[in-house]
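[1] Got a predicted structure plus its sequence, pasted below:
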Amino acid sequence: MIANWDKVARDSRVAGRGGYSKVAAFKVLSYSMADRVYLDWNATAPLRREAREAMTAAMDLSGNPSSVHAEGRQARRLVEDARVAIAGAVGALPRNVIFTSGGTEANALALTPGLRRASGLPVQRLVVSAIEHASVLAGGRFPTEAISTVGVTRSGLLDLERLRVTLDGMPPALVSVMLANNETGAVQPVVAAAEVVHSAGGLLHVDAIQAFGKIPFNISALNADMVTLSAHKVGGPKATGALVLAEGLLGLEPLLRGGGQERGHRAGTENVAGIAGFGAAVAAAMDALQRDAIRLEGLRNHLESGLRQTPDAIVFSEDVTRLPNTTLFTVPGLRAETAVIGFDLAGIAVSSGSACSSGKVQPSHVLEAMGFGPELAQGAVRLSLGWSTSDADIDRCLEAWRKLSGTLLKGSDETLVERF
Ligand SMILES: Cc1ncc(COP(=O)(O)O)c(C=O)c1O
């Protein structure tokens with residue numbers, strides 16, 4: 001344990017997470033990482049063994065997948081095998097999988113004005129749910145004035161009636177709804193949304209990044225026109241992703257032009273090792289999906305019953321279908337930033353609100369959209385589990401919470417210091 005831990009807490013208060021990061025980097029490094037409990041799988045999953053092996057093998061290949069010689073063909077083979085694996089996992093045609101530099105780029109590529117079906121009109125407006133990831137809320141290539149937002153219910157589900165009213169009388173719109181929310185884990189009514197969107201003459205984009213590998217789905221059953229995936233959430237490498245198109249979608253404008261790779265949708269020499277790792281991770285994730293989902297839901301329920309022993313504890317979206325691995329909770333008076341630090345110093349990695357914004361002390365936009373005020377929206381802690389999470393990990397987390405909660409809920413960081 002670090003000797004100068006009060007400095008950690010002091011710096012974290014003075015300088016926000018940046019200050020904490022600098023000092024705590026030292027402490028965290030002084031831990032054996034093997035002693036730590038990782039409960040931040042929605043931020044990123046560890047690299048799967050299968051992905052590491054595929055990537056190591058790919059890195060030894062010298063060819064460019066666009067070259068016609070044997071070396072090039074060997075690299076091409078890895079890219080195409082991964083494409084087949086990913087297409088198969090979501091029920092799409094391999095030719096409709098476009099590899100990108102990650103989920104953020106895939107979302108930005110999807111949000112293109114002018115997309116259309118052969119029989120339909122090009123989309124002119126973008127409609128997003130209020131709980132989308134920042135990479136969707138940014139709106140892609142739609143101008144701000146062409147973007148509308150649809151709210152969610154108190155349980156964190158897209159408000160379908162609001163969607164219907166929003167689309168009514170509007171020129172054809174591209175609607176973006178995530179399959180499962182990264183903070184609450186709430187599984188969105190995407191099939192019903194597709195019906196509303198298509199009957200209004202629009203198109204549906206589904207950010208399925210958090211759902212992929214955690215719950216089964218496929219692009220035709222969802223009735224989606226596009227689906228976004230990211231490798232690092234399923235145990236593949238970071239900075240590799242894919243946009244998957246339904247058959248017959250037209251008008252996708254590339255973000256990057258040049259060599260014509262990815263059927264002209266995304267120029268640039270393919271990230272062969274990343275893509276090979278993505279394909280291997282997806283194959284492993286699909287293989288384990290059902291088993292993992294059942295086991296993780298059991299662990300998550302055990303975790304939640306422990307957390308609920310704290311008086312007034314709230315588990316968000318508990319009354320709707322959620323991803324089996326995700327818990328977002330708070331207790332009135334809890335400060336999420338301090339709780340995350342307390343867990344971290346107890347050897348447990350969790351996050352406050354969405355990981356991509358956890359560097360900022362801001363209320364969760366998801367909880368705000370669900371109608372929670374800043375006090376609760378700033379106090380939510382997310383615990384997310386994955387394939388290597390064990391019973392012992394959950395017990396350790398609950399033990400740490402029992403120690404931390406009394407102190408944290410008194411609102412005194414000084415007394416937190418004395419606990420460790
Ligand atoms: C729902 C959702 N969409 C998009 C992203 C961005 O994906 P990437 O990290 O691959 O850019 C994330 C990452 O946290 C996410 O959870």
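    Received it, and whenever you're ready, just let me know what you need.
[2] got any ranges where the chain has weak pLDDT?
    1-32, 354-361, 411-420 (pLDDT under 70).
[3] can you rerun that using 90?
    Low-confidence segments of the chain (pLDDT under 90): 1-34, 119, 353-363, 374-375, 406-420.
[4] Nearest to the ligand: which residue in it?
    In the chain, the residue that lies nearest the ligand is G103 (2.6 Å; CB to the nearest ligand atom). Every C-beta, even on glycine, is put in place using the N, C-alpha and C of the backbone.
[5] Give me the nearest residue to the residue lying farthest from the centre of the chain, chain neighbours excluded.
    Distance from the centre of the chain peaks at H69, with 38.4 Å (CA atoms, centre = their mean). Nearest residue to H69, sequence neighbours excluded (CB to CB, 6 or more residues apart in numbering): G63, at 7.0 Å.
[6] Check the secondary structure at that neighbour for me.
    Under DSSP: H, G, I helix; E, B strand; the rest coil, the three-state class of G63 is coil.
[7] Tell me the spacing between it and P374.
    Per CB to CB, to the nearest Å, G63 is found 54 Å from P374.
[8] Just want to know which of these two has more residues nearby.
    The neighbour count for G63 versus P374, taken as other CB atoms under 10 Å, is higher for G63 (18 against 12).
[9] wait, doesn't that one sit right on E71?
    Yes. Counting by CB atoms under 8 Å, E71 is a contact partner of G63 at 3.1 Å.
[10] Which residues of the chain lie near the ligand?
    Proximity of the chain to the ligand, by CB under 6 Å from any ligand atom, involves residues 102-104, 107, 133, 135, 178, 182, 207, 209-210, 230, 232, 241, 355-356.
[11] rerun that using 5 Å as the cut-off
    G102, G103, T104, H133, S135, N182, D207, I209, Q210, S230, G241, C356 (CB under 5 Å from any ligand atom).
[12] Show me just the buried residues among the residues you listed.
    By neighbour count, with 16 or more other CB atoms under 10 Å, the residues of the chain next to the ligand hold G102, G103, T104, H133, S135, N182, D207, I209, Q210, S230, G241 as buried.
[13] Adding secondary structure, write those residues out as JSON lines.
    Output for those, formatted as JSON lines (three-state DSSP):
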{"residue": "G102", "secondary structure": "coil"}
{"residue": "G103", "secondary structure": "helix"}
{"residue": "T104", "secondary structure": "helix"}
{"residue": "H133", "secondary structure": "coil"}
{"residue": "S135", "secondary structure": "helix"}
{"residue": "N182", "secondary structure": "coil"}
{"residue": "D207", "secondary structure": "strand"}
{"residue": "I209", "secondary structure": "coil"}
{"residue": "Q210", "secondary structure": "coil"}
{"residue": "S230", "secondary structure": "strand"}
{"residue": "G241", "secondary structure": "strand"}
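[14] Nearest to G151 among those residues?
    Proximity of those to G151 (CB to CB) peaks at H133, which lies at 16.4 Å.
[15] ok, that closest one to R116 distance?
    Counting by CB to CB, the gap from H133 to R116 is 25 Å.
[16] Quickly list the domain ranges of the chain.
    The chain breaks down by automatic domain parsing into domains covering 2-47+289-419, 49-284.
[17] Just name the most buried of those domains.
    Greatest average neighbour count among the domains of the chain goes to domain 49-284 (a mean of 20), per mean count of other CB atoms under 10 Å.
[18] Helices along this structure, start to end?
    Secondary structure of the chain (DSSP state H): helices at 5-30, 49-59, 70-90, 103-110, 134-137, 160-167, 190-199, 219-222, 272-307, 336-345, 365-369, 374-377, 391-409, 413-419.
[19] and the residue nearest to H232 when sequence neighbours are not counted, what is it in contact with?
    Counting by CB to CB, 6+ apart, K238 is the residue found nearest to H232 once chain neighbours are left out, at 4.3 Å. The neighbours of K238, taking CB atoms under 8 Å, 6 or more residues apart in numbering as the test, are T44, G102, A231, H232.
[20] how about these, which pair is most distant?
    The largest separation in those, counting by CB to CB, is between T44 and G102 at 11.0 Å.
[21] you'd agree the residue farthest from the centre of the chain is up against A75?
    No. With contact defined as CB under 8 Å, H69 does not reach A75; the gap is 10.3 Å.
[22] Mutual contacts of these two, please.
    The contact sets of H69 and A75 overlap at G63 (CB under 8 Å, 6+ apart).
[23] follow-up on the earlier one: looking at the buried ones among the residues of the chain next to the ligand, which is nearest G279?
    Within these, the smallest distance to G279 is 12.6 Å, found for G241 (CB to CB).
[24] about what we covered before: for T44 and G102, list the residues in contact with both.
    H232, K238.
[25] Give me the nearest residue to A54, chain neighbours excluded.
    Once flanking residues are discounted, A54 sits nearest to A280: 3.7 Å by CB to CB, 6+ apart.
[26] For the one you found, give me its contacts.
    R48, E50, A51, E53, A54, M55, A82, A85, G236.
[27] Mind putting those into a markdown table with distance to V150?
    Output for the contacts of A280, formatted as a markdown table (distance: CB to CB, whole Å):
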| residue | distance to V150 |
| --- | --- |
| R48 | 36 |
| E50 | 39 |
| A51 | 36 |
| E53 | 43 |
| A54 | 40 |
| M55 | 39 |
| A82 | 34 |
| A85 | 34 |
| G236 | 31 |
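[28] Among those residues, which one lies nearest to G258?
    Among the contacts of A280, and counting by CB to CB, the member closest to G258 is A82, at 21.4 Å.
[29] Tell me how far the closest residue to that closest one other than its chain neighbours lies from A85.
    Spatially, and ignoring its direct neighbours in sequence, A82 is nearest to G279 (2.7 Å; CB to CB, 6+ apart). Remark: distance between G279 and A85 (CB to CB) = 4 Å.
[30] out of the contacts of A280, who's nearest S388?
    Comparing those against S388 with CB to CB places R48 closest, at 9.9 Å.
[31] what sits against the nearest residue to the closest one once chain neighbours are set aside?
    Closest residue in space to R48, ignoring its immediate chain neighbours: G235 at 3.5 Å, by CB to CB, 6+ apart. Taking CB under 8 Å, 6+ apart, we find G235 in contact with A45, P46, L47, R48, E50, A51, G213, A281, A284, A285, W387.
[32] now, among these, which is nearest to V150?
    Distances from V150 to the contacts of G235, taken by CB to CB, are shortest for G213, at 26.9 Å.
[33] in terms of contact, does the closest one touch Q290 like I think?
    No. At 11.4 Å, G213 does not count as touching Q290 under the criterion of CB under 8 Å.
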